[in-house]
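A.B. asks: When you get a sec, could you give me coordinates for this:
(chains A and B)
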Amino acid sequence: MNLNLSAFASGLTLGLGLIVSQMINPVKVLSFLDVAGNWDPSLALVMAGALLTLGFLQWLIRKSLNQHSHSANTIKQANPKQIDAKLIIGSSLFGIGWGLSGLCPGPALSGLTSGLLGSYVFVATLFIGFLLFNKLHRKP
Amino acid sequence: MTFITVVTALGGGILIGLAAAILLFFNNRTAGVSGIAARLIKPWQQDSHWRLAFITGLVISAPLWRLLVGDISIQINTPLIVLAVAGLLVGYGTQLGGGCTSGHGICGNARLSPRSIVATLTFMITAGITVYLVRHVF
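C.D. replies: Predicted structure coming up:
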């Protein structure tokens, strides 16, 4: 399959999943994160559904690819055991931003056409944050 | 939690898992939205067409849903200035930490990566503390 077509299908399916699960709605996400308030645990089911599905399909993919040289295990990624200050600080900053807004990158982008000014502001500063990281940490 | 909520939460989750599996199987890539989106900007990478296709699919999902299915409830009650700060924190933080809810939370955890498990616990806990402080303390 064409790599652009499969990537498009993946992005579209992800967006539909965020819509069906209502994770696209920041108010819903915030009520999941508000354990001490009127807690809405349903987003834990979203995560469970996603993890079980991906875990199962991944196992199938590995099984079917094991006979070939092209293996899903060769995927480029950081050393999975490397736990450092960057991982903790970065994830903490992300968590604070997520808790302030109820938005993370997937839902922010899939909700970009909602017409809400807040969506545009968040996505604009999200990309400024990406740029800031590149300026500070990806010097040539 | 009503029965309908359980069905839509699980159904949505299954779609999200399927989306990640599609990208893994056909593109041999991790479906981490923050990483894919960040690599769309400078320095533009030669092989970024698939990234653009992925983000296009993600952005187009909502208008397509409105056209074919119906309304989508999206409410944002956070003040704009707070959203602006939050966007910066999410943008910078996901790059420093190497992933977000999709890359670490779904893909990394599904392959039981210790890095992703630690990252997920970290952002879940800090997000929970932040919401607690905003809603119940200040």
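A.B. asks: the longest helix in chain A is where?
C.D. replies: helix A:42-65 (DSSP state H).
A.B. asks: packing partners for it?
C.D. replies: Judged by 3 or more C-beta pairs under 8 Å, 6 or more residues apart in numbering or on different chains; DSSP states H and E, the packing partners of helix A:42-65 are helix A:26-33, helix B:3-27, helix B:109-110. Any C-beta I mention is one placed from the backbone N, CA and C, and that applies to glycine too.
A.B. asks: Skipping its backbone neighbours, what lies nearest the closest residue to chain A within chain B in space?
C.D. replies: Per C-beta to the nearest C-beta, B:Gly91 is where chain B lies closest to chain A, at 1.9 Å. Nearest non-adjacent residue to B:Gly91, counting by C-beta to C-beta, 6 or more residues apart in numbering or on different chains: A:Gly129, 1.9 Å away.
A.B. asks: Helix, strand, or coil at A:Asn79?
C.D. replies: What DSSP: H, G, I helix; E, B strand; the rest coil gives for A:Asn79 is coil.
A.B. asks: what's around it, how many residues?
C.D. replies: Close neighbours of A:Asn79, defined as other C-beta atoms under 10 Å in any protein chain shown, add up to 9.
A.B. asks: Against A:Leu87, how distant is it?
C.D. replies: To A:Leu87, A:Asn79 is 11 Å away according to C-beta to C-beta, to the nearest Å.
A.B. asks: do whichever helix or strand comes after the longest helix of chain A and chain B meet at all?
C.D. replies: Moving toward the C-terminus from helix A:42-65, the next helix or strand (DSSP states H and E) is helix A:85-101. Yes - using C-beta under 8 Å from any C-beta of the partner chain, helix A:85-101 reaches chain B at A:86-101.
A.B. asks: Mind putting the helices and strands packed on helix A:42-65 into CSV with distance to B:Cys100?
C.D. replies: Listed next are the helices and strands packed on helix A:42-65 as CSV, based on distance: least, C-beta to C-beta, whole Å:
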stretch, distance to B:Cys100
helix A:26-33, 13
helix B:3-27, 13
helix B:109-110, 12
